[in-house]
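Q: sequence first, then the predicted structure, then my questions.
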Amino acid sequence: MADKITASDLKSQKNVFVIIDVRESDELEGGVIEDSVHMSLGLSIRNAKKKQIEDMRGKKICTYCGTGYRGNIAADELAKEGFNTVTLDGGYSAWNQS
């Protein structure tokens, strides 16, 4: 289970994180967190395993999806590859409500 960050904490610390949106492209129409990087769940895992996101190593990463499930998986998988990750508790829906 990945470490979680609340929407309000992420909003106050947003500049500290590289924020990765792991939703599918068609889900982005409902809105995104400003300045986030879109990298679907499968792609984020493949990129980490293939060493294609090494520029993010050493940075704090926050993953998110719609409700938190896929964001948690992404954070777990990135952590297994040695990245410093948390996931947005409740996903984008929690972000919109805070």
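A: Perfect, I can see it now.

Q: for the longest helix along the chain, C-alpha coordinates in CSV please.
A: Secondary structure of the chain per DSSP state H: the longest helix is helix 69-80. Listed next in CSV are the C-alpha coordinates belonging to helix 69-80 (Å, rounded to 0.1, in the frame of the first residue of the first chain):
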residue,chain,number,x,y,z
TYR,A,69,-7.2,2.9,-6.9
ARG,A,70,-5.0,3.1,-10.0
GLY,A,71,-3.0,5.9,-8.4
ASN,A,72,-2.2,3.6,-5.5
ILE,A,73,-1.0,0.8,-7.9
ALA,A,74,1.2,3.3,-9.8
ALA,A,75,2.8,4.6,-6.6
ASP,A,76,3.4,1.1,-5.4
GLU,A,77,5.0,0.0,-8.7
LEU,A,78,7.1,3.1,-8.9
ALA,A,79,8.3,2.7,-5.3
LYS,A,80,9.4,-0.9,-6.2
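
Q: next SSE after it?
A: strand 84-88 (DSSP states H and E).

Q: give me the angle between that next one and helix 69-80.
A: Counting by axes from the mean of the first three to the mean of the last three C-alpha atoms, to 10 degrees, strand 84-88 lies at 170 degrees to helix 69-80.
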